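[1] got a predicted model here, sequence first, then my questions.
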Amino acid sequence: MTMAFIRLFFILLFLLHFILVSSNTGSPYPNRRRYPYHDCLQGRSLVEDKAALLAFKKSVLVDPKSTLANWEDDVHVCNFTGVTCNEQHHRVTQIDLSSSGLVGKISPSLSNLTALQLINLYENHFFSSIPPQLSSLPCLQTLVLNQNDLNGPVPDSFALLTSLIVFAVMENNLTGPLPPSFFSNCTQLKVIDLSFNYITGRIPMEIGNCPGLWTLSLYNNQFVGQLPASLTNTTLYNLDVENNHLSGELPSDLVSKLPNLMFLHLSYNNMRSHGNNTDLYPFFATLGNCTGLTELELAGMGLGGKLPSSIGHPSLKRLELQESLIVGSIPPEIRNLSNITMLNLTSNFLNGTIPEELSLLLMLERLLLSHNLFNIRIPLELAKLPHLGQLDLSNNKFYGEIPASFGDLLALRYLFLNNNLLSGTIPPQLFKCSNLYMLDLSYNKLTGRIPQEIIEIREIRGFINLSHNLFEGLLPIELSKLENVEEIDLSSNNLNGNIFPQISSCIAVKAINFSHNSLQGLLPESLGGAIDDMGNSSSNMLTGSIGYIAPEYGFGSNTSIRGDVYSFGVIVLEMVTRRRPTDDMFAGGFSLHKWVKNHYHGKVENVVDPSLIQASMEQSSEVKRMWEVGIAELIELGILCTHEIPSTRPTMLDAADDLDRLKRYLTEDTTATFASSLGISSSTIGAN
């Protein structure tokens, strides 16, 4: 379950409860509200409500879906799109204009709608600050402003919204610290979502004044300090504070007093484990009090220590400990994770054996052990996991042969064994995994021919990477039957013979690399032309990939350029990052654009496929510099083309011009220069 889904689930559940109950009672919490609802209906009239809504409409600059088309003087206000009145049609009680694409400012005139219980402006393009006048809505219980372009701080005056239950402003540009008085006075708060903003300062200790708080999502902000101990006064079962600057030891005392926790996401902060960052046992031991804990994410903090025997929490479905400093072996108590579906131990210092008890995790769907120090044969027990859909053992020192029993993993979609010491041939049984989407066996010592059985994965839609091995013989004609594959990389092997023209049957291919073999002949026109253009250029991996994106969009002639520049941008970012929306990084609900934008910060190593970085390191300093420029340019181009606001994206013609300019630069065309038509500057990028 992705965090985006979790957040949406929490909010929708609350909105549904709000709507169902309020339709019968006029208020969803008649016994708990702090302001008598009948008082909200007094003092103003439906005529004044209509005037306030028409004033709001005037502040909307763009209405792409004509959502407000019937907001007119001659239409009854209770018939306005997105507007709900109470049963007697005395007052307006709800405004729901979600996913309307509206552009403009939120008019302070909404403060005149004093009977409002719900405002939902989710997924629009409202900009400027949140009007502090909204604090004049005494009975407002649900305020959802997610996914807009709002800036500035949360208004101090919001402390007057004492009936507020749901406050969601995710994915805006809010800044400044949170006003402590907001939590001191708004004690009915149950759902708080401030994710994807730029809010600073400490999490106010006054947040403990909200005893009914059950979801607190502060993901991707700039919070500092420690988690306030006052959170133990709440009923939290979703706590997400990932991607901040929080510090201190892992909050054992806090967690032990939150028995209802189901989702605990602490990743990418500055926390440490106990014993001066050497002992994980105390924290995992306290998790025994959280009997319903489903997701635990502690990634990207450099936590030190060994995996403790207490790791086997039976209710966990998702455990993320990647990018830490964990040493030693995986303990046999791992068998107690009987409900685990995703286990991520990537980028640690694990070594030793992988216990056979791992085969008892029959619900496991994703096992990620890449970038560790395993120096063993691949355990045969891994083939006993019936639901395993993603297996990543890359960037270790696994040796020996690929187990033929992997062919029994019929649910397998992603298999990454690259950057190891594997030898022998590819077992033909492997291709019984007919659901494979991505297969990467690159940078090993595999020998023999590419098996003809590769045809059995004809539905593969991602990529096949067998590069940098010792494969020999002819290209198997069966490759031409993989008509849905997007990328094929067989470079740096000992393949020989002719390129068969049937390779053009791979109608979905966007990138193909046969370089550094002994192949002869021409690639079909539709795939980019002569093999020599790829085989003899030291900057081949980039120029080849760029060249083979072109046919899909008709880049051969400016007059023929058509298509969706957003889709093009996604392809560019996928090519450079090797990321797909189904990859582990998207568990937080990111789009590819947002993931790259949030992690890039001018440093290509933060987002680029490690094999591409590794390949660039093998080049001369001059060529390496060209690669760095080229990769950075592609990232910037992809970010521009996938911008959330369509009007800010370049045209396909602009994108094509820049791609052509970059290709000429990488092929050392002396006429190629950057000033880019999109404003991309390689000199600026290279300076980072």
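    In hand now; what should we look at?
[2] burial count for the residue nearest to residue 135 when sequence neighbours are not counted?
    Setting aside the residues directly before and after it, residue 135 is nearest to residue 157 in space (CB to CB, 6 or more residues apart in numbering), at 3.8 Å. (Each C-beta comes from the backbone N, C-alpha and C, glycine too.) When counting by other CB atoms under 10 Å, one arrives at 16 neighbours for residue 157.
[3] how about residue 470?
    Around residue 470 there are 13 residues (other CB under 10 Å).
[4] now swap in the one 5 residues further on and tell me
    When counting by other CB under 10 Å, one arrives at 21 neighbours for residue 475.
[5] who are the contact partners of it?
    Residue 475 makes contacts with 450, 490, 495, 497, 499, 500, 503, 514, 519, as judged by CB atoms under 8 Å, 6 or more residues apart in numbering.
[6] next, the first one: secondary structure please.
    What it means is residue 450. What DSSP: H, G, I helix; E, B strand; the rest coil gives for residue 450 is coil.
[7] hang on, the earlier thing: now the contacts of residue 475 in JSON lines, with distance to residue 239 and secondary structure?
    Converted to JSON lines, those look like this (distance: CB to CB, whole Å; DSSP: H, G, I helix; E, B strand; the rest coil):
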{"residue": "450", "distance to residue 239": "49", "secondary structure": "coil"}
{"residue": "490", "distance to residue 239": "47", "secondary structure": "coil"}
{"residue": "495", "distance to residue 239": "53", "secondary structure": "strand"}
{"residue": "497", "distance to residue 239": "59", "secondary structure": "strand"}
{"residue": "499", "distance to residue 239": "56", "secondary structure": "coil"}
{"residue": "500", "distance to residue 239": "57", "secondary structure": "coil"}
{"residue": "503", "distance to residue 239": "52", "secondary structure": "helix"}
{"residue": "514", "distance to residue 239": "50", "secondary structure": "coil"}
{"residue": "519", "distance to residue 239": "56", "secondary structure": "strand"}
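[8] wait, doesn't the residue nearest to residue 135 sit right on residue 130?
    No: judged on CB atoms under 8 Å, residue 157 makes no contact with residue 130 at a distance of 10.0 Å.
[9] can I get the buried part of the contacts of residue 475 as one PyMOL selection?
    Buried subset of the contacts of residue 475, written as a PyMOL selection, criterion 16 or more other CB atoms under 10 Å:
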select buried, resi 450+490+495+499+500+503+514+519
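[10] residue 273: which of the contacts of residue 475 is nearest?
    Comparing those against residue 273 with CB to CB places residue 490 closest, at 43.9 Å.
[11] that closest one reaches residue 517, doesn't it?
    Yes: under the criterion of CB under 8 Å, residue 490 lies in contact with residue 517, with a separation of 7.0 Å.
[12] what's the local residue count around residue 45?
    Residue 45: 12 neighbours (other CB under 10 Å).
[13] show me what contacts it?
    Going by CB under 8 Å, 6+ apart, residue 45 touches residue 91.
[14] okay, it: pLDDT?
    On pLDDT, residue 45 comes in at 88.
[15] got the phi and psi for the residue nearest to residue 135?
    Dihedral pair for residue 157: phi -70, psi -10, per degrees, to the nearest 10.
[16] so how far is residue 234 from it?
    From residue 157 across to residue 234, the span is 24 Å (CB to CB, to the nearest Å).
[17] equivalent analysis for residue 117, please.
    Applying CB to CB, the value for residue 117 to residue 234 is 23 Å.
[18] who's more crowded, those two?
    With neighbours defined as other CB under 10 Å, residue 117 and residue 234 compare such that residue 117 has more, 27 against 23.
[19] before we move on, the earlier item: looking at the contacts of residue 475, spot the one nearest residue 481.
    Nearest to residue 481 among these: residue 503, at 10.5 Å, using CB to CB.
[20] I appreciate the help and will end here.
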